[in-house]
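Novice: give me coordinates for this.
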Amino acid sequence: MLCKLSITLVVISTALLNLYSMVDGASLGKKHGNHFLGSNIHYTVSEEIQGSNNAQSFYEITESEENRLTRVKVSSNGVQKDKIYDNGLGVFYNVGQDGQCRVAMADPDILGRDPEVYFHFNNLFLLDYDYDYIGKTKLEDRSGLPVMEWKTAKRNVDFEGRRVDKLVVHQYYPETARSEDAIFNPTSILRTVISIYEANSSGQGYTLAETIKRDKMSYEIVENAYDSHDYFTLKDCKNIISDKKINH
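Specialist: Numbering: from 1, shown residues only. The predicted structure is shown next:
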């Protein structure tokens, strides 16, 4: 009887320990992002870059994964840009405020796009990498918000069209996102900090060259594709111009 009781207590203790570890995040090991396929989403992102060229930008992004369309409105250092990407055709329309819209081949190297020329939330926040759990901390510039921190580091990788010697990425999720499904879910992420390092000429160590901080400000799933239809039309274009020339 005592033997069975001891075994039962061991099983219960092990289960409680595993549950505690899951809550703390440590038992999750390596994690990568979840894709929301077939959905239409609208989100806003603020970005701050510190390096040789400092910049602050605000993005309003609407994606229709069903139709493979993306509209990106950007405000950067007082300059407004508006582009519609047709991921199926591999082209984009630069929507001008004067009604002049320029069509061009989509560039796979721009922010948030993968080598297959597809714009996706996971690409913007680098959610598809494998991450290790670091621990709990606070975002002091967001009223000391308690968060869980994850990290990955890669060497000699391609990042948004350029080769970097070393890339370190930190991901931050609310402390309340303690289940495995909640972590690395686009609806949960709060911040991504990307650090780019250059190898020293001596061959020993690295020097920080640039830091990119991206904060997700809002995230909304649009149930009906037609609710976001206006974002993807060319109704604001009076003329469509192309740089492509036909050779006879």
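
Novice: low pLDDT regions in this protein?
Specialist: Applying pLDDT under 70 to the chain picks out residues 1-39, 107-111, 114-118, 178-182, 224-231, 243-248.

Novice: quick check: next helix or strand after whichever strand or helix holds Thr44?
Specialist: Using DSSP states H and E, Thr44 sits within strand 40-50. Going down the chain from strand 40-50, the next helix or strand is strand 55-64, by DSSP H and E.

Novice: the closest residue to Asn200 other than its chain neighbours bridge partners, please.
Specialist: The shortest distance from Asn200 to any residue other than its chain neighbours is 6.0 Å, reached at Thr207 (CB to CB, 6 or more residues apart in numbering). Using the backbone N, CA and C atoms, a C-beta is placed for each residue, glycine as well. Per DSSP bridges, the residues bridged to Thr207 are Glu198.

Novice: isn't Thr207 right up against Ser195?
Specialist: No. Counting by CB atoms under 8 Å, Thr207 does not reach Ser195; the two are 11.0 Å apart.

Novice: who has more neighbours, these two?
Specialist: Per other CB atoms under 10 Å, whichever of Thr207 and Ser195 has more neighbours is Ser195, with 18 against 11.

Novice: identify the residue spatially nearest to the more buried one, adjacent ones excluded.
Specialist: Val168 (4.3 Å).

Novice: secondary structure element for the one you found, which one?
Specialist: Val168 belongs to strand 162-174, assigned by DSSP H and E.

Novice: just checking: what are the partner strands of that strand?
Specialist: Within its sheet, and counting by DSSP bridges, strand 162-174 is paired with strand 145-159 (antiparallel), strand 191-199 (antiparallel).

Novice: nearest to Ile240, out of the ones you listed?
Specialist: strand 145-159 (32.0 Å; CB to CB).

Novice: how far off centre is that closest one?
Specialist: 12 Å (CA atoms, centre = their mean, to the nearest Å).

Novice: what segments of the chain are helices?
Specialist: Under the criterion DSSP state H, the chain contains helices at 2-24, 121-124.

Novice: and Gly51, how many residues sit next to it?
Specialist: Number of residues near Gly51 (other CB under 10 Å) recorded here: 12.

Novice: residues contacting it?
Specialist: When contacts are counted by CB atoms under 8 Å, 6 or more residues apart in numbering, Gly51 is found next to Ile196, Ala209, Glu210, Thr211.

Novice: and which of the residues you listed is nearest Ile221?
Specialist: Once CB to CB is applied, the member of the contacts of Gly51 that ends up nearest Ile221 is Thr211, at 30.4 Å.

Novice: which residues does the closest one contact?
Specialist: For Thr211, the contacting residues are Ile49, Gln50, Gly51, Val193, Ile194, Ser195, Ile196, by CB under 8 Å, 6+ apart.

Novice: check the gap between the fifth one and Ile49 for me.
Specialist: Distance of Ile194 to Ile49, given as CB to CB, to the nearest Å: 9 Å.

Novice: of the two, give the one with the bigger neighbour count.
Specialist: Looking at Ile194 and Ile49 with other CB under 10 Å, you find the greater number of neighbours at Ile194, namely 20 against 17.

Novice: identify the residue nearest the more buried one in space, chain neighbours excluded?
Specialist: In space, Ile194 is closest to Ile212, 4.2 Å off (CB to CB, 6+ apart).

Novice: quick one, what contacts that neighbour?
Specialist: Ile212 touches Glu47, Glu48, Ile49, Val193, Ile194, Ser195, Ile196, counting by CB under 8 Å, 6+ apart.
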